[in-house]
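>>> 3D, please:
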Amino acid sequence: MNYHEDDRAQRLLDVFPIAGQGQINVSYINSTDHIVAWHKHEKQTDYWICLKGSIKVGWATEEDGCEFKYLSDKNPQVLEIPPGIYHGYKALEPGTILAYYVTRKYDPSDEHRASIGYFGEEWKTENK
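Next up, the predicted model:
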C-alpha cells in the first residue's frame, strides 16, 4: 500500500494489491475548496463510490461537453467511468471519503489531462 498527500486530499493507493490486476484506492478529502479535474484514460475504467459525505463529479467528452453527476453516502451507488471520459470531482462536504477501483495499475502514459474550465463548466454549487 502506498500513501500520497497533497493540498487536495490524502490517498491510500493500492489498498489490496493483487498481482496483475487493477487497484483499490481511497481518498480522504478534507476541503471543499479544491477541484480535482480533468483527466481521462484510454485503457482504464474507474469505479467510484462515496463512502462518506458527497461529491460533485464532472463527466465530459470533447464531443458532448460536460455534465455533472452526484455521489453521496445518503444514496450509495457505484459510478462507472469508462475509457475516453474526462472526469474529476469536487467534494461538497469536508471529510468526504471516495473509494475507487481502477481496472489497471496506475500508468502515467494512459492519463491525458485538460485544465479546469476547458469544457466551459461551472463547478460552483448554487444555493437554492
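
>>> every contact and neighbour count from this point should use C-alpha atoms.
OK.

>>> centre of the chain to stretch 92-101, how far?
9 Å (C-alpha atoms, centre = their mean, to the nearest Å).

>>> and stretch 64-83, by the same measure?
That offset, for stretch 64-83, works out to 9 Å (C-alpha atoms, centre = their mean).

>>> averaged over its residues, what pLDDT does it have?
Average pLDDT, stretch 64-83: 96.

>>> show me where pLDDT drops low in the protein?
Filtered on pLDDT under 70, the chain yields the residue ranges 1, 8, 12, 14-17, 19-20, 127-128.

>>> which residues of it fall in strands?
2-5, 10-13, 23-29, 35-41, 46-52, 54-61, 65-72, 79-81, 86-91, 96-102, 111-113 (DSSP state E).

>>> tell me which of the ones you listed sits most buried.
Of all these, strand 86-91 carries the top mean neighbour count, a mean of 23, counting by mean count of other C-alpha atoms under 10 Å.

>>> just the residues contacting that strand, thanks.
29, 31-41, 53-61, 81, 123 (C-alpha atoms under 8 Å, 6 or more residues apart in numbering).

>>> hmm, back to that, out of the strands of the chain, which is closest to F119?
Closest to F119 of the strands of the chain, according to C-alpha to C-alpha: strand 65-72, at 5.7 Å.

>>> now the angle from that closest one to strand 46-52?
Angle of strand 65-72 versus strand 46-52, following axes from the mean of the first three to the mean of the last three C-alpha atoms, to 10 degrees, is 40 degrees.

>>> strand 65-72 - contacts with which helices or strands?
Other helices and strands packing on strand 65-72, by 3 or more C-alpha pairs under 8 Å, 6 or more residues apart in numbering; DSSP states H and E, are strand 46-52, strand 54-61.
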